[in-house]
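Colleague: take this sequence and fold it.
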Amino acid sequence: MTTTTDTPTSRHEGAEHTVAEIGQQPRMWREVGRILADGRKELDDFLAPFLAREDLRIVLTGAGTSAYAGRIVRGVLARRTGRRVDAVATTDIVSDPYGSFSEDVPTLLVSFARSGDSPESVAAAELAGRCLSRVGHLIITCNSEGRLAREHAADPGAHVLRMPAASNDRGFAMTSSFTSMVLASLLAFGAVDGEAEVETLAKAAEHLTTGGLDEGIEALVARRPERLVYLGSGALKGLAEESALKLLELTGGAVVALAESSLGFRHGPKAVLDDRTAVLVYVSNDPYTRAYDLDILAELRAGLPQGAVIAVAGRPDGLPEDGTWIVPGAGEAEDAALALPAVVCAQLLALRSSLARGIPSDNPFPSGEVNRVVQGVTLHPLPERGTDRA
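Modeller: Predicted structure coming up:
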């Protein structure tokens, strides 16, 4: 079976960066853990005045994959901080800033940015300052030379968390950049318990990237599904959204991908199912939420061909051995932490689907209609609040 490691091979021509960046994630996570541990006091000193405010609103923002990072961690950060936490994409902030910041309350804007150079990332931070009286910035970025990092480096109301340089993925799709930033946010707010849990998650990812799921992934790719649905609940719905985007990106849109919640799927999106559809259900570690994931899983397995429905879970209880991909050692993790090794399953599936179709994963859009750093965005002047915006 083909394996994915830190070192790309000739078997992955046109996908060398993507292969290496998927494989390097365990190493990146350990380095992120060290970065957060070394900078803990400075980070806590920055966060403490914000978190002390009971009226604080934390807004998690980014575009595309970076927006899904916020959706994955939102719930657990709200529980850990006891503060209001919202995930609002930069693309929504830029197009509707007064709607996104409709309440002028003390706000901590947490920006996820691989490059920090996309126009929406920079504009969202600027617009927060225009719309809000009191705003601070936590920048989580993989590019220390990006505009977002540079512009906030000397700002006393900002703190920049710089991810390992190698996490600034050179491939088209975000892989190690995404997981490094998710982990950094979980560590920053105490939702991952330091070095021991980072090591557990890294070992789980090492199992997956060194062939632990090769047989299952190859079997699913061999079915050549034309549509692939990802389902998940809570934090794992954000994971489902990121998984669908990875498949769309790396196959150049050749495979139609859809994401929904386990309960929401019955409310119309289920119409996508046909005999060329496969479904992956991310199964929650939370017993209550897990019950709904198991319900939709059983329903789908009763109606679709054998092998077309896959469960991805941190522990096997309640799941049949056949068609279940277990993320080892992650059975007790918060769902937002489970998402880190679980997304490796989706990354590998997208990579193998791309290779099977002869699509170069490092550049699946050679004509440039979709770009690694978004282009073609025109930023329009914002009228003052209360003026006629029509």
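Colleague: OK, contacts around residue 116?
Modeller: By CB atoms under 8 Å, 6 or more residues apart in numbering, the contact list for residue 116 reads 122, 139, 141, 143, 146, 147, 148, 149. Any C-beta I mention is one placed from the backbone N, CA and C, and that applies to glycine too.
Colleague: what does residue 12 give?
Modeller: 18, 19, 355, 361.
Colleague: from those, pick the one nearest residue 206.
Modeller: residue 19 (15.0 Å; CB to CB).
Colleague: burial check on residue 311, number of neighbours?
Modeller: Burial measure for residue 311: 24 neighbouring residues, criterion other CB atoms under 10 Å.
Colleague: residue 326 versus that one, what's the distance?
Modeller: Separation of residue 311 from residue 326 (CB to CB, to the nearest Å) stands at 9 Å.
Colleague: check residue 170 too.
Modeller: Relative to residue 326, and taking CB to CB, residue 170 is found at 31 Å.
Colleague: the more surrounded of the two?
Modeller: A side-by-side neighbour count of residue 170 and residue 326, using other CB under 10 Å, places residue 326 first with 20 against 13.
Colleague: with adjacent residues omitted, what lies nearest to that one?
Modeller: residue 316 (5.7 Å; CB to CB, 6 or more residues apart in numbering).
Colleague: which pLDDT value does the model give the one you found?
Modeller: On pLDDT, residue 316 comes in at 96.
Colleague: ok, it to residue 322 distance?
Modeller: 11 Å.
Colleague: counting by contacts, list what the top helix by length along the chain packs against.
Modeller: What stands out as the longest helix in the chain, according to DSSP state H, is helix 335-356. With contacts taken as 3 or more CB pairs under 8 Å, 6 or more residues apart in numbering; DSSP states H and E, helix 335-356 sits against helix 16-23, helix 65-81, helix 176-188, helix 194-207, helix 214-222, helix 235-250, strand 277-283.
Colleague: mean neighbour count for those - can I get that in TSV?
Modeller: Output for those, formatted as TSV (neighbours: other CB atoms under 10 Å):
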stretch	mean neighbour count
helix 16-23	25
helix 65-81	23
helix 176-188	28
helix 194-207	19
helix 214-222	16
helix 235-250	26
strand 277-283	26
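Colleague: who are the contact partners of residue 110?
Modeller: 58, 59, 60, 61, 70, 138, 140, 185.
Colleague: quick one: residues contacting the fifth one.
Modeller: With CB under 8 Å, 6+ apart as the criterion, the residues that contact residue 70 are 60, 61, 62, 87, 88, 89, 110, 112, 238.
Colleague: report the separation between residue 186 and residue 150.
Modeller: According to CB to CB, residue 186 stands 26 Å off from residue 150.
Colleague: same question, residue 167
Modeller: Taking CB to CB, one finds residue 167 at 18 Å from residue 150.
Colleague: quick one, which of these two is more surrounded?
Modeller: residue 167 (28 against 14).
Colleague: give me the pLDDT for that one.
Modeller: Taking residue 167 on its own, its pLDDT is 98.
Colleague: ok, it touching residue 141?
Modeller: No - if you go by CB atoms under 8 Å, residue 167 and residue 141 don't touch, sitting 9.7 Å apart.
Colleague: helix, strand or coil for the closest residue to residue 130 other than its chain neighbours?
Modeller: Once flanking residues are discounted, residue 130 sits nearest to residue 382: 6.6 Å by CB to CB, 6+ apart. Following DSSP: H, G, I helix; E, B strand; the rest coil, residue 382 is assigned to coil.
Colleague: swap in residue 54?
Modeller: Going by three-state DSSP: residue 54 is coil.
Colleague: likewise for the one 4 residues further on?
Modeller: Going by three-state DSSP, the secondary structure assigned to residue 58 is strand.
Colleague: that older thread, host element of the residue nearest to residue 326?
Modeller: Per DSSP states H and E: residue 316 is located in neither a helix nor a strand.
Colleague: in this structure it contacts residue 323, no?
Modeller: No - counting by CB under 8 Å, residue 316 sits too far from residue 323 to count as a contact (11.7 Å).
Colleague: between those two, which one's more packed in?
Modeller: Shown here are residue 316 and residue 323; by other CB under 10 Å, residue 323 has more neighbours (18 against 13).
Colleague: could you find the closest non-adjacent residue to the more buried one?
Modeller: Using CB to CB, 6+ apart, the closest residue to residue 323 is residue 310 (5.5 Å).
Colleague: what number of residues lie near the one you found?
Modeller: 26.
Colleague: among the contacts of residue 116, which one has the most neighbours?
Modeller: Top of the contacts of residue 116 by neighbour count (other CB under 10 Å): residue 141, with 30 neighbours.
Colleague: please, which helix or strand holds the closest residue to residue 359 other than its chain neighbours?
Modeller: Spatial nearest neighbour of residue 359, chain neighbours left out: residue 252 (5.1 Å); criterion: CB to CB, 6+ apart. Of the helices and strands defined by DSSP H and E, none includes residue 252.
Colleague: next: residue 139.
Modeller: Under the criterion DSSP H and E, the helix or strand holding residue 139 is strand 135-141.
Colleague: parallel or antiparallel, list what pairs with that strand.
Modeller: Note on strand 135-141: by DSSP bridges, its sheet partners are strand 107-113 (parallel), strand 158-162 (parallel).
Colleague: thanks again, I'm all set now.
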